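Fold the stuff below for me.
(one chain, ligands or ions: 1)
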Amino acid sequence: MMSLISVVAVLVVALVAGPAWAALKVTVTPSAVRQGDVALIVVTGAAGAPEMDGSLAGRPFFFFPYADGYAALIGIDLEARPGKTPWRLGYVDGTGAPRKAAGMITVKARKFPVQHLSLPKAMVDLSPDDERRANAEAARLRTLFGTIGPERLWRGRFTTPVASHAKAEGFGSRRIINGKPRSPHSGADFSAPAGTSVVASGRGRVALVVEFFFGGRLVALDHGEGLYTLYMHLDRADVAEGALVERGSIIGAVGNSGRATGPHLHWAAQLRGARIDPDALLKLPVRN
Ligand SMILES: [Zn+2]
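As a prediction, the model looks like this:
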């Protein structure tokens, strides 16, 4: 907690503060973002602004009223290019005059573990049928993650999906199997005994309850405005598509369905196409 608070930094003060206007204040937390991070951008000093809009590298923010201003989530894909990324925001004030601010967010590279494995060919190569099935399922997930619900359903802090002291591990790790690089591991794994309850990490709507080749029995939650969390390898799912679930309510149980080497929960999160570290969601210092 303390470390999070200590990294909060005021990044930019408005470029256009008229004499009668309080300066626009923009903070990004954490102030140093890494690949796979999710950050909160908070704008204050825009009292009376009927709405706020803006973008990061040309991709729109989804602002919501927050404290006495506005806030939006920023997702940094785990393979985002390190370096400076420009943001801008603006609104029309009570007199009809446009107000604007702009700045830069620096994305830092993160060191992800690399694992080299040699496995028998039969264990690695899929049959044409399985490959077709896995590709169709991956496409279905991409379509879902590309769907941006208009309403923010999540509220306040996110919670760990399993009641366990085990740390979520393996986000972003890269596997090179028989010399061929695989796509990076885009979730975090909690090892937990089969049957351990899995809860919704935040309020949202059940978008998908399916049985996939790799992910096994899985539940996807739509938290609105392009934020999704994904729970894989479940032993059972306790929710139906379309249901609205509250943070902390049981959605299923840990298992080893699909391609899993043992019972564990693969927990992943996406924000408007950015594969983010679900652990970073837990650290988001967001009020209700
Ligand atoms: Zn995993």
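
Can you mark which positions in the helix ranked longest in the chain are buried?
Counting residues, the longest helix in the chain under DSSP state H turns out to be helix 128-145. Within helix 128-145, the residues that qualify as buried are 134, 137, 141, 145, counting by 16 or more other Cβ atoms under 10 Å. For glycine as for every other residue, the C-beta is placed from the backbone atoms N, C-alpha and C.

helices or strands up against it?
Under the contact definition 3 or more Cβ pairs under 8 Å, 6 or more residues apart in numbering; DSSP states H and E, helix 128-145 sits against strand 204-212, strand 216-224, strand 227-237.

so what pLDDT did the closest residue in space to Asp279 that isn't next to it in sequence get?
Residue nearest to Asp279 in three dimensions, not counting chain neighbours: Ala168, with 5.1 Å by Cβ to Cβ, 6 or more residues apart in numbering. Among the per-residue scores, Ala168 holds a pLDDT of 85.

and if you look at Gly204?
For Gly204, the pLDDT comes out at 98.

for Arg110, helix, strand, or coil?
coil (DSSP: H, G, I helix; E, B strand; the rest coil).

And for it, the neighbour number?
For Arg110, the number of neighbouring residues by other Cβ atoms under 10 Å comes to 17.

Output the below-cut-off pLDDT ranges for this structure.
Per-residue confidence for the chain (pLDDT under 70) gives these ranges: 1-22.

residues from it in reach of the ion?
Applying the criterion Cβ under 5 Å from the ion, the portion of the chain that neighbours the ion consists of 187, 189, 266.

So which elements touch the strand or helix carrying the last one?
Taking DSSP states H and E as the criterion, the element that holds His266 is strand 264-271. Helices and strands in packing contact with strand 264-271 are listed as strand 69-75, strand 187-191, strand 227-237, strand 274-276, helix 278-282; criterion 3+ Cβ pairs under 8 Å, 6+ apart.
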